[in-house]
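Chemist: got a predicted structure plus its sequence, pasted below:
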Amino acid sequence: MRGEDRSQEGDQDEREHDRDGRREQWSLAEDPEAAQTGAAAQHAGCGGLPFEAQGARRPALVLPDSPTRFYAGVLAAYGDWCAEHGRPEHVVFAPEAGNGPVVEAVEVALSGTCRPDALCVVPEASPPLVLEAARRHGYDVPGDLLVVCVSEDATATHTRPALSTLSLRPQEVAEAGIDLLVAALEQGGAPSAGVLVQTRLEVRASSLRTDTGAGTD
């Protein structure tokens with residue numbers, strides 16, 4: 001199934017209502033699935049990415065077609081960022097996990113008449129394949145297109161250019177969850193307030209321009 005661009009779909013009032021409901025901060029103890037919604041969603045939704053500082057004006061977002069709270073939080077944070085900076089929203093949903101569907105969604109995001117100048121890919125995909133998709137569509141990275149992927153893939157450091165990544169730090173999340181579980185079993189009593197594991201943004205060449213005035217409206 002082809003990646004779906006739903007940037008202009010849906011009722012505006014309904015979208016705004018959904019965003020307001022997705023701004024809660026969740027801790028590991030409250031909901032394991034949503035452990036990193038707060039800081040991670042803000043990062044992946046452009047709020048913590050270097051796009052604005054590097055001159056980007058038309059950032060695109062590739063998301064999984066999933067109702068999980070983390071992805072909903074990313075979408076809400078992205079919408080808020082675009083509204084705050086007066087930028088158009090450009091969101092494409094990958095219908096399935098895996099390199100094939102995600103790269104196809106990347107290609108949908110990069111095609112069309114309104115070409116983005118920045119791209120954040122949230123579903124896991126091979127960094128070399130993401131960059132190859134950009135080149136197929138005539139983009140120079142980072143000259144024409146800034147790219148950041150939410151990824152734990154070590155190949156990101158070896159691509160040309162090296163790919164900026166946002167790590168959700170799954171190992172640290174797992175360790176924190178185990179510590180909370182052990183503490184709950186040993187101590188009992190009131191439930192823990194939980195912990196929030198901070199994401200780690202590794203800024204590399206794919207999201208850095210030597211001329212920060214490269215982006216244009």
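Modeler: Nice, thanks for sending it over.

Chemist: kindly state the pLDDT recorded for residue 170?
Modeler: Here, the pLDDT recorded for residue 170 equals 68.

Chemist: correction: the previous question concerned residue 21.
Modeler: In this model, residue 21 carries a pLDDT of 32.

Chemist: okay, now residue 125: neighbour count?
Modeler: Look at residue 125: counted by other CB atoms under 10 Å, it has 25 neighbours. In this view, the C-beta of every residue, glycine as well, is placed from N, C-alpha and C.

Chemist: need the strands for the protein, in chain order.
Modeler: 4-5, 59-64, 91-94, 118-121, 146-150, 164-167, 200-202 (DSSP state E).

Chemist: can you add distance to residue 100 and mean pLDDT and give those back as JSON lines?
Modeler: JSON lines is the format used below for the strands of the chain (distance: least, CB to CB, whole Å; pLDDT from 0 to 100):
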{"stretch": "strand 4-5", "distance to residue 100": "15", "mean pLDDT": "66"}
{"stretch": "strand 59-64", "distance to residue 100": "13", "mean pLDDT": "95"}
{"stretch": "strand 91-94", "distance to residue 100": "9", "mean pLDDT": "96"}
{"stretch": "strand 118-121", "distance to residue 100": "14", "mean pLDDT": "96"}
{"stretch": "strand 146-150", "distance to residue 100": "16", "mean pLDDT": "95"}
{"stretch": "strand 164-167", "distance to residue 100": "20", "mean pLDDT": "92"}
{"stretch": "strand 200-202", "distance to residue 100": "25", "mean pLDDT": "86"}
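
Chemist: any idea which of these is most buried?
Modeler: Each of the strands of the chain was given a mean neighbour count from mean count of other CB atoms under 10 Å, and the largest, a mean of 28, is that of strand 118-121.

Chemist: picking that back up, could you dump the strands of the chain into CSV with distance to residue 78 added?
Modeler: Output for these, formatted as CSV (distance: least, CB to CB, whole Å):
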stretch, distance to residue 78
strand 4-5, 14
strand 59-64, 5
strand 91-94, 7
strand 118-121, 8
strand 146-150, 12
strand 164-167, 13
strand 200-202, 16
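
Chemist: wait, what's in contact with the closest residue in space to residue 129 that isn't next to it in sequence?
Modeler: Distances taken as CB to CB, 6 or more residues apart in numbering put residue 103 closest to residue 129, at 5.0 Å, once the chain neighbours are dropped. Contacts here follow CB atoms under 8 Å, 6 or more residues apart in numbering; on that basis residue 103 touches 125-126, 129-130, 133.

Chemist: same deal with residue 162?
Modeler: 156, 204-206.

Chemist: could I get the residues you listed as TSV with pLDDT?
Modeler: Shown next, in TSV, are these (pLDDT from 0 to 100):
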residue	pLDDT
156	96
204	95
205	96
206	96
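
Chemist: ok, which pair from these is furthest apart?
Modeler: Pairwise distances across the contacts of residue 162 (CB to CB) peak at 10.6 Å, for the pair 156 and 205.
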